[in-house]
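K.L.:
3D model of this:
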Amino acid sequence: MAFDTSGIRLKPCVDLFSTEASRQDASLEKIREIPLDQLVPFKDHPFKVIDDESMMDTVQSIREHGILLPLIARPMPDGKYEIVSGHRRSHAGKLAGLETVPVIVRELDDDAAVILMVDSNLQRENILPSERAFAFKMKLEAMKHQGKRLNLTSDQVGQKLRARDVLGNELGMSSIQIQRYIRLTELLPELLDLVDERKLAFNSAVEVSYLNPEEQGWLAETIDSEQSTPSLSQAQRLKRFSQDGKLTEDMVLAIMSEQKKPETERVVLQSRQISQYFSPSATPKEMETSILSMLDTAKEWRSYFPEDSTLDDVNRRMRKVLEGMKRTKSRAPER
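P.N.:
Next up is the predicted model:
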């Protein structure tokens, strides 16, 4: 049986190879120069871009050397690109007068984009508590969507790990600490700002996060009027009254108006700091005994540590005591 092949045309061999090469080339990520006005911030990006000294240093570096590390962005339906990594570099580029910036365009689904965005920003040295809190929350939700809790097991008990446990393992933190950071996302913005400004202690803020929005509003007003933030014990009382349904605006004011007990602070001396003042054979117990003996022989205790001494005062005095001990080190017999 004969077939009519007159209408069939085969592509030249070179075209077949070039098509495959084109496909492979297209699959590779390339650095592209993209106009800054075509880049948009990541939705609900939790990391703040501030015109601080560090930003000015970045701007100066870009003016001198350009952007050395490309941004990462993903294409959007409207033709623009959503920044996944590089918000600070993008902003610094604008301040430096650039019109385009180098970008790696990558196809990412929402969960993968969130995880990459969080991971790339957590590499920074200085991260605010609010940034860490929302970043942990976003990544945790993305991990849950990806079903990571179904893929990893605990070596000790052989049970499925929760996404929070997996995230904790990645960050070197306990799952409880992860959850405590995420609790901060329940705070009103004005209270969360106080945490970032280190005016409201982290542990107190976690307790306050259990108050409902109205109660937090009362507290924010009281903090502003009293110019005082709650101690941990005050925050715990506020939480307890709130959970019992007994917290009122007057009670918030009453608790916050109480005289705070002074916080107990500890003076900690690391072994590597004091070992230089003793012979190599000295044991930790012998070091401790010697230090206490030196302090006991001080003629006037209050002249060493007055009631209003700060931790810095104590540390400075301790260093002087240890310097005196160092001079006797060479005379100490070694066993």
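K.L.:
The residue lying closest to Pro46 once chain neighbours are set aside in helix, strand or coil?
P.N.:
Distances taken as C-beta to C-beta, 6 or more residues apart in numbering put Phe134 closest to Pro46, at 3.5 Å, once the chain neighbours are dropped. C-betas here are computed from N, CA, C, even on glycine. Counting by DSSP: H, G, I helix; E, B strand; the rest coil, the backbone at Phe134 sits in helix.
K.L.:
Who are the contact partners of Phe134?
P.N.:
By C-beta atoms under 8 Å, 6 or more residues apart in numbering, the contact set of Phe134 is 44, 46, 185.
K.L.:
who touches the first one in this structure?
P.N.:
Asp44 makes contact with 134, 138, according to C-beta under 8 Å, 6+ apart.
K.L.:
repeat for the second one
P.N.:
Pro46 sits next to 130-131, 133-135, 138 when contact means C-beta under 8 Å, 6+ apart.
K.L.:
at 6 Å instead, please
P.N.:
131, 134-135 (C-beta atoms under 6 Å, 6 or more residues apart in numbering).
K.L.:
Going by distance to Ala220, which of those wins?
P.N.:
Taking C-beta to C-beta as the measure, Ala220 lies nearest Phe134 of the contacts of Pro46, at 19.3 Å.
K.L.:
Glu53 versus the closest one, what's the distance?
P.N.:
24 Å (C-beta to C-beta, to the nearest Å).
K.L.:
and if you look at Glu125?
P.N.:
Counting by C-beta to C-beta, the gap from Glu125 to Glu53 is 13 Å.
K.L.:
Between those two, point out the one with more neighbours.
P.N.:
With neighbours defined as other C-beta atoms under 10 Å, Glu125 and Glu53 compare such that Glu53 has more, 8 against 5.
K.L.:
Now do the strands in this protein.
P.N.:
In the chain, the segments counted as strands under DSSP state E are 31-35, 39-40, 71-75, 81-85, 100-105.
K.L.:
Name the strands paired with the first one and say parallel or antiparallel.
P.N.:
Read that as strand 31-35. Each strand that pairs with strand 31-35, with its direction, by DSSP bridges: strand 100-105 (antiparallel).
K.L.:
In the partner strand, which residues are buried?
P.N.:
Residues of strand 100-105 classed as buried by neighbour count (16 or more other C-beta atoms under 10 Å): 101-105.
K.L.:
Isn't Ser175 up against Val166?
P.N.:
No - counting by C-beta atoms under 6 Å, Ser175 stays clear of Val166, with 8.9 Å between them.
K.L.:
what's the burial count for Glu190?
P.N.:
By other C-beta under 10 Å, the residues close to Glu190 number 14.
K.L.:
OK, contacts around it?
P.N.:
Glu190 makes contacts with Ala220, as judged by C-beta under 6 Å, 6+ apart.
K.L.:
Next one: it from Leu128, what distance?
P.N.:
From Glu190 over to Leu128 (counting by C-beta to C-beta), the distance is 15 Å.
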